[in-house]
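> Quick one: sequence and predicted model below, then my questions.
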Amino acid sequence: MEKLNQTLEKIQGLNQQAMEEARNRIDHLIKPQKSLGKLEDIAVQLSGITGKLHPKLDSKAIIVMAADNGVCEEGISAAPQAVTKLMTGYIANGVSGVCALAAQARAQVITVDIGVAGDLEDSKILHKKIRHGTGNIAKGPAMSREEAIKAIEVGIEIAEQEIKNGRNLLGTGEMGIGNTTPSTAILAVMSGTDPEEITGVGANLPKQQLDNKIAVIHRAIEINKPDKNDGIDVLAKIGGLDIAGMAGVMLAGAANRVPVVVDGYISTAAAIIAVAIEPKVRDYLICSHASEEKGAAKASAFMSFEPMLNLDMRLGEGTGAALAFNIIEAAAFMSEKMITFQEAGIGVV
């Protein structure tokens with residue numbers, strides 16, 4: 001709990017002066033005002049986060065949290081739970097979807113075993129296991145409050161180490177069969193939405209099994225009675241270890257004034273938890289894409305996120321964050337590399 005408290009104490013609001021300077025410069029670049037749309041807003045936000053007119057975003061990493069979910073016992077996923085362990089190894093060895101897209105974005109992928117059900121001995125994986133998967137939330141809590149805090153602190157510690165190593169742009173990713181179920185449970189509780197409205201098929205669950213998934217989420221909420229006014233309570237009772245780790249990354253980014261790119265649906269659930277713990281974190285997050293998962297639009301709206309990409313994606317792993325890195329870096333280049341009308345010698349327009 002000490003690490004979490006220390007991190008929360010460091011989180012401050014955006015640097016308003018830096019944002020004003022950035023907006024003023026962008027408004028006077030050699031182009032019509034607002035003509036580069038959201039790129040301009042991203043550049044201003046980056047200045048607010050970093051306190052710099054021209055922040056550098058030349059060292060990028062996606063931190064992928066891997067964990068299993070005990071609720072898979074309820075038949076809520078098409079893929080067997082063993083796939084989590086297999087895919088975690090593939091991600092660590094650079095051959096999964098996020099690895100391909102991160103390579104194009106010149107970003108490192110950091111693979112973390114925070115709760116895979118089984119032992120992983122690959123030296124390319126960071127071994128930070130809290131427990132071998134969560135409990136079955138349809139029967140009881142996912143984890144204890146102490147375990148939830150430890151998992152958040154794992155995310156904080158890894159993000160802090162990456163920042164110390166020079167990372168100036170972070171992305172969140174995850175791997176965990178069944179993790180759309182705790183994500184939907186979190187969204188349902190925090191937004192006050194009926195699970196039936198937001199429960200999707202996840203990793204290709206047959207539609208005839210969707211009613212069971214909805215019933216499982218209802219049961220998890222009824223049995224555990226999470227307190228929506230306590231983000232850690234919600235996380236511990238109906239969340240996931242991967243969600244906890246990603247929330248920790250977001251908290252650490254905010255505490256260290258480093259932007260964090262939110263991937264898709266599961267990452268947005270983590271953002272909901274992080275912002276519930278400390279509302280100022282919201283300003284340090286950049287939403288990458290509009291996931292195709294059914295509850296994703298509701299989750300983004302609940303967080304007041306405006307996804308920058310809509311590519312019908314729903315893979316997770318951090319793939320959307322990897323693609324967004326290119327656009328975010330472009331926003332920084334726009335602000336720094338373009339000249340103003342005054343610098344061009346044609347007066348201020």
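Looks like it arrived, so ask away.

> which stretches of this structure form strands?
Applying DSSP state E to the chain gives strands spanning 60-67, 107-115, 125-127, 169-175, 260-262, 285-287.

> Show residues contacting the fifth one.
The one in question is strand 260-262. Contacts with strand 260-262, where a contact means CB atoms under 8 Å, 6 or more residues apart in numbering, come from 159, 169-172, 249-250, 253-254, 268, 270-271, 284-288, 305, 321, 324-325, 328. Where C-beta positions appear, they are placed from N, C-alpha and C, glycine not excepted.

> let's go with 7 Å and repeat that
170-172, 249-250, 253, 268, 271, 284-288, 321, 324-325, 328 (CB atoms under 7 Å, 6 or more residues apart in numbering).

> returning to what we had before: the strands of the chain: which one's closest to residue 336?
Closest to residue 336 of the strands of the chain is strand 169-175 (CB to CB; 14.9 Å).

> Kindly calculate the angle that the closest one makes with strand 60-67.
Angle of strand 169-175 versus strand 60-67, following axes from the mean of the first three to the mean of the last three CA atoms, to 10 degrees, is 20 degrees.

> still on that earlier bit, what about burial for the contacts of strand 260-262, which qualify?
170-172, 249-250, 253, 268, 271, 284-288, 321, 324-325, 328 (16 or more other CB atoms under 10 Å).

> what pLDDT, on average, does stretch 51-58 get?
Across stretch 51-58, pLDDT averages out at 97.

> Okay, helices next: where are they in this structure?
2-10, 16-27, 37-50, 82-92, 97-104, 145-164, 180-191, 195-198, 210-224, 231-238, 241-255, 265-277, 296-302, 319-337 (DSSP state H).

> on that earlier part again, okay, the strands of the chain, which one's buried deepest?
For those, ranked by mean neighbour count under the definition mean count of other CB atoms under 10 Å, the leader is strand 169-175 at a mean of 31.

> Can you give the contact residues for that one?
With contact meaning CB under 7 Å, 6+ apart, strand 169-175 is reached by 57, 60-66, 84, 87-88, 91, 98, 159, 162, 242, 246, 249-250, 253, 258-263, 266-267, 270, 316-318, 321-322, 325, 328.

> Check stretch 30-39 too.
Identification of contacts with stretch 30-39 by CB under 7 Å, 6+ apart yields 27, 40, 308, 330-331, 334, 338-341, 344.

> Residue 188: how many residues sit nearby?
Counted with other CB atoms under 10 Å, the neighbours of residue 188 add up to 26.

> Quick check, it in contact with residue 197.
No: if you go by CB atoms under 7 Å, residue 188 and residue 197 don't touch, sitting 8.5 Å apart.

> Quick check: neighbours shared by these two?
With CB under 7 Å, 6+ apart, residue 188 and residue 197 have no common neighbours.

> Point out where this structure drops to low pLDDT.
347-349 (pLDDT under 70).

> ok, now with 90
By pLDDT under 90, the low-scoring segments of the chain are 1, 78, 201-208, 346-349.

> What residue spans form the domains of it?
As given by automatic domain parsing, the domain ranges for the chain are 2-55, 60-328.

> Can you measure across the first one, start residue to end residue?
With CA to CA, to the nearest Å as the measure, the ends of domain 2-55 fall 30 Å from one another.

> chain center to that domain: distance?
19 Å (CA atoms, centre = their mean, to the nearest Å).

> Also stretch 142-149?
Centre-to-centre, stretch 142-149 and its host chain are 19 Å apart (CA atoms, centre = their mean).

> What are the contacting residues of it?
Identification of contacts with stretch 142-149 by CB under 7 Å, 6+ apart yields 1, 4, 130-131, 134-135, 182, 232-233, 235-241, 244.

> Now, of the residues you listed, which are buried?
Taking 16+ other CB under 10 Å as the criterion, what is buried in those is 4, 130-131, 134-135, 182, 232-233, 235-241, 244.
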